[in-house]
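**Student:** missing the sequence, but the structure's below:
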């Protein structure tokens, strides 16, 4: 199993040691470092900063939101960063959700599967640089032929000659059809939640997985003697997504918890969240579920629990930590 460093999105500001953490991960033999975006920082710029201060570690976006950029704009960002980093980019993409897409980007949220398929096809055309980029639509028509246009659109190829014509593309996906789509058109999958002790919820979506298909999973790591306190932190993270990252009737994270067999808990968490009772909502998450999705406890305990991850379909464990010693400990345990 490979190791990566998950740095997530910023919140109010970046972690002050985010470059140092990436440099330490590179020294320790980590395969990749990943940056995220939401309605704040973008995913590419931190990786450019990291890439300028490292040599070999791969640079992954987990994930770039489709509605934030047109497909060709996203491809431009990707091929630019890939060239500047000497071929180290992994492009992670995701549709996000209707609250963010419509509320932050001011875009509609129609047919996420069809849009994703079109989006990736256009990006791959840019990377390939074999023909002028065209797409009939309906989501991203190129050249644009709408009645409100001037009718002067011209198919183009990128001026830049990509360093790599096949930059790896991973999809962030939660729904069964979206996960299955990732196995069809992408090189890897970025789950949000994963239980290595029970992979059945994803089994039907991964039936056509290619031999070299990658699954990179973020895992909260906390090497501590206080297991209960460590698990409570994980519960707060999980409950935020189940209760707060989505509308009452449309929450993809809540839907996943329901498919995992925690429908009653998911409903209770959401209700408590809407009542402003975040601490109570976090405590609804069962200990065994939080424990399964994270690596919490003394080093010997984590060493034992790593076996489930080694036996799973996950190919890269993305360590979510801001502590250099935890990075070193995980390298010792896995690498």
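**Tutor:** Sure thing, it's come through. All figures in this text were calculated on a predicted structure; none of them were measured in a lab. Numbers count the residues shown, from 1 in each chain.

**Student:** remind me, longest strand of this protein?
**Tutor:** Longest strand in the chain, counting residues (DSSP state E): strand 214-223.

**Student:** Determine which residue lies closest to the centroid of the protein.
**Tutor:** residue 62 (3.2 Å; Cα atoms, centre = their mean).

**Student:** could you pull out the strands for the stretch 201-335 of the chain?
**Tutor:** 214-223, 295-297, 316-320 (DSSP state E, counting those that start in this stretch).

**Student:** Out of those strands, which gets nearest to residue 275?
**Tutor:** Residue 275 lies closest to strand 214-223 among the strands of the stretch 201-335 of the chain, at 25.7 Å (Cβ to Cβ). Every C-beta, even on glycine, is put in place using the N, C-alpha and C of the backbone.

**Student:** So what's the gap between the closest one and the chain middle?
**Tutor:** Distance, stretch centre to chain centre, for strand 214-223: 11 Å (Cα atoms, centre = their mean, to the nearest Å).

**Student:** That strand: which residues count as buried?
**Tutor:** Buried residues in strand 214-223, counted by 16 or more other Cβ atoms under 10 Å: 214, 215, 216, 217, 218, 219, 220, 221, 222, 223.

**Student:** And for stretch 274-285?
**Tutor:** For stretch 274-285, by 16+ other Cβ under 10 Å, it's 278, 281, 282, 283, 284, 285.

**Student:** Just checking the distance from that stretch to the centre of its chain.
**Tutor:** 25 Å.

**Student:** got the end-to-end distance for that stretch?
**Tutor:** With Cα to Cα, to the nearest Å as the measure, stretch 274-285 spans 16 Å from end to end.

**Student:** Would you mind listing the outside residues contacting that stretch?
**Tutor:** Identification of contacts with stretch 274-285 by Cβ atoms under 8 Å, 6 or more residues apart in numbering yields 232, 234-236, 238-240, 243-244, 248, 265, 268-270, 272-273.

**Student:** Return the member of those residues nearest to residue 324.
**Tutor:** Nearest to residue 324 among those, counting by Cβ to Cβ, is residue 234 at 20.8 Å.

**Student:** And that closest one, how far from residue 256?
**Tutor:** Relative to residue 256, residue 234 is positioned 16 Å away (Cβ to Cβ, to the nearest Å).

**Student:** got it, and residue 120?
**Tutor:** Taking Cβ to Cβ, one finds residue 120 at 22 Å from residue 256.

**Student:** do residue 191 as well
**Tutor:** For residue 191, the distance to residue 256 (Cβ to Cβ) stands at 9 Å.

**Student:** what residues are shared contacts of those two?
**Tutor:** Shared contacts of residue 191 and residue 256 (Cβ under 8 Å, 6+ apart): residue 174.

**Student:** before we move on, the earlier item: now rank the contacts of stretch 274-285 by neighbours and give me the top one.
**Tutor:** When the contacts of stretch 274-285 are compared by neighbour count (other Cβ atoms under 10 Å), residue 269 ends up highest, at 29 neighbours.

**Student:** My guess is that one contacts residue 240. True?
**Tutor:** No. Using Cβ atoms under 8 Å, residue 269 is not in contact with residue 240; the gap is 9.5 Å.

**Student:** Many thanks, have a good one.
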